[in-house]
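# Predicted model follows, preceded by the sequence.
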Amino acid sequence: MYESGGILPTNDGKVLIMAGATVGGGSAINWAASIRTPPHVLKEWSKQHDLPLFESQDYQDAMNAVCGRLGVQDGCSKESFQNSVLGTGCAKLGFHFEKVPRNSTEDHFCGSCCCGCRSGNKKGADETWLVDAVDSGSIILAGCKAENILCQKIPANRKQRAAGVVATFGVKERRRIFIQAKVTVAACGSLLTPPLLRSSGLRNPNIGRNLHLHPVQMAWGFFPENQEPAGKPHEGGIITTICKEGAKWEQSGYGTIIQTPAIAPGSFAAMIPWTSGLDMKNRMRKYHRTAHVFCLARDRGSGIVGGEKDIAYRLAESDKVNLKEGLRRCLRILIAAGATEVGTHRSDGERLSVKGATDDEIEEFLNNQGKGRRGVWPILFSAHQMGSCRMGKDEESGGVDWKGESWEVEGLFVCDGSLLPTSVGVNPMITIQSVAFCIAKHILQFLRTNSSQGLTCGH
């Protein structure tokens, strides 16, 4: 269900990436947060990147259509343990927090949507758009990998024309197949669309660059059995609350938001910094009452996708500052909510026993978190990948045009998160699907305009 079986590291091992690799993509295994593109992001893309689509009525209509098809609503009849912790801590500190719209029903109390929603209540692409496609006569080939896009030369034109896809298919025995098409759509995600385009001969320098990851740092807090809020970390809605303290939406738009993650026992064990066997056993014994909250940065820093599983990424200095401040807020929220012990996943496993600690000791602990020093480093995570084939006003600024079509190959469209001009700063599913909705309209217009155009291919 995930790339590399769950965790894909960047080349330097500093960021651990979770990316969907199943029918429905990331929407099949994400945490159901369905947040519209923030207005300041739309303004930035429209004005600074010269892409008027994002301040148009067409884009607003696309978001409305996407949210309608996914059944997005912001009610939650029962909060999970971790979201209750987040809300309680924010309320006591006076931090602004609010409900998160989700593509599931108000009473959906499921902690396993990260492994594919067992009940089908969460309306990912596997429960919506792909069902619509099959109902309209489309065929889905699971376990199929696109190897390259076939292109034809256009006489007296520097551009080529997309003719279809060569792919491998099968489980035990891989077979090579060719699919002929009047339009070819690359929707492999930000980590795999660039390698596909490169292997197909495309050379635009923006392909593979400008990768954004929404880097995340996590904090944890232990709550004794007899203490409110009740519950366990693997139960209930994964993300139902968001804290925007520090998001800087009214300033630069580049800050951090705070939410809660899905942490199963195996993931919990993998993230625990190793200090001793006894410590590991004690931490696992406390799993059922350990709450996590995380800060997610809208990153200015970016990376390069050099090939499959070849990912280079660097934070900007402002990202490091934002993450440090965000992690400090996470720890304060956990302490305010009543955690008796708090910590992060820094490599030295440092933690603080809150009970009995003085204000000065707590302050010193908060100031030390988020820092890296020789032999000690923080662990960053990413569940959102964006921008590695961004749309642009011209070939110098983007890998494709504002309609998602390649500058180099006519009839080749990109339609996934790699199109986004920058990071979004919130869970990007609604943004990605709304952009895809707009691109689909342009594809339909392309087909109508070129309906009489024939294809010839020697494969």
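Alright, I've got the coordinates.

# quick one, helices of the stretch 51-200 of the chain?
Taking DSSP state H, counting those that start in this stretch as the criterion, the stretch 51-200 of the chain carries its helices at 57-70, 81-93, 129-135, 193-199.

# and the third one, C-alpha only, in PDB?
What that stands for is helix 129-135. Below are the C-alpha coordinates for helix 129-135, written out as PDB (Å, rounded to 0.1, in the frame of the first residue of the first chain):
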ATOM      1  CA  TRP A 129     -13.600   8.800  -9.000                       C
ATOM      2  CA  LEU A 130     -12.300   5.300  -9.900                       C
ATOM      3  CA  VAL A 131     -15.700   3.800  -9.300                       C
ATOM      4  CA  ASP A 132     -17.200   6.500 -11.700                       C
ATOM      5  CA  ALA A 133     -14.500   5.600 -14.300                       C
ATOM      6  CA  VAL A 134     -15.300   1.900 -14.100                       C
ATOM      7  CA  ASP A 135     -19.000   2.600 -14.300                       C
END
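
# Now do that helix: which elements does it pack against?
When contacts are defined as 3 or more CB pairs under 8 Å, 6 or more residues apart in numbering; DSSP states H and E, helix 129-135 sits against none of the other helices and strands. Heads up, the C-betas are built off the backbone N, CA and C, glycines and all.

# Begin at 801, not 1, for the rest of this chat.
Got it, first residue is 801 now, which makes that one helix 929-935.

# between the helices of the stretch 851-1000 of the chain, which gets nearest to residue 1076?
helix 881-893 (26.8 Å; CB to CB).

# Now the closest one: buried residues?
Neighbour-count burial for helix 881-893, with 16 or more other CB atoms under 10 Å as criterion, is recorded at 881-890, 893.

# and what of stretch 1221-1241?
Taking 16+ other CB under 10 Å as the neighbour-count basis, stretch 1221-1241 is seen to contain the buried residues 1221-1240.

# same deal with stretch 861-876?
Residues 862-863, 866-867, 869-872, 876 are the ones in stretch 861-876 that count as buried (16+ other CB under 10 Å).

# What distance do you get for the closest residue to residue 1220 other than its chain neighbours to residue 845?
If the residues on either side of it in the chain are set aside, residue 1220 comes closest to residue 1186, at 4.4 Å by CB to CB, 6 or more residues apart in numbering. Per CB to CB, to the nearest Å, residue 1186 is found 12 Å from residue 845.

# quick one: common contacting residues for those two?
Shared contacts of residue 1186 and residue 845 (CB atoms under 8 Å, 6 or more residues apart in numbering): residue 1222.

# Checking residue 1245 next. Helix, strand or coil?
helix (DSSP: H, G, I helix; E, B strand; the rest coil).

# Name all residues that make contact with it.
Residues near residue 1245 by CB under 8 Å, 6+ apart: none.

# Please tell me how far it sits from residue 862.
Shown here: residue 1245 relative to residue 862, a distance of 15 Å by CB to CB.

# count of residues packed around residue 1213?
Residue 1213 sits with 24 neighbouring residues when counted by other CB atoms under 10 Å.

# Which strand or helix spans it?
According to DSSP states H and E, residue 1213 maps onto strand 1212-1214.

# helices or strands up against that strand?
Here strand 1212-1214 is seen to pack against strand 984-986, helix 1229-1249 when contacts are counted using 3+ CB pairs under 8 Å, 6+ apart.

# Now with 7 Å, please.
Secondary structure elements in contact with strand 1212-1214, counted by 3 or more CB pairs under 7 Å, 6 or more residues apart in numbering; DSSP states H and E, are strand 984-986.

# and the strand it packs on, what does it pack onto?
Based on contacts counted as 3+ CB pairs under 7 Å, 6+ apart, the elements that strand 984-986 packs against are strand 960-969, helix 993-999, strand 1212-1214.

# Now render the ones you listed as a markdown table, adding mean pLDDT.
A markdown table is the format used below for the helices and strands packed on strand 984-986 (pLDDT from 0 to 100):
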| stretch | mean pLDDT |
| --- | --- |
| strand 960-969 | 95 |
| helix 993-999 | 98 |
| strand 1212-1214 | 98 |
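
# Mean neighbour count, these: which tops it?
Among the helices and strands packed on strand 984-986, the stretch with the highest mean neighbour count (mean count of other CB atoms under 10 Å) is strand 1212-1214, at a mean of 26.
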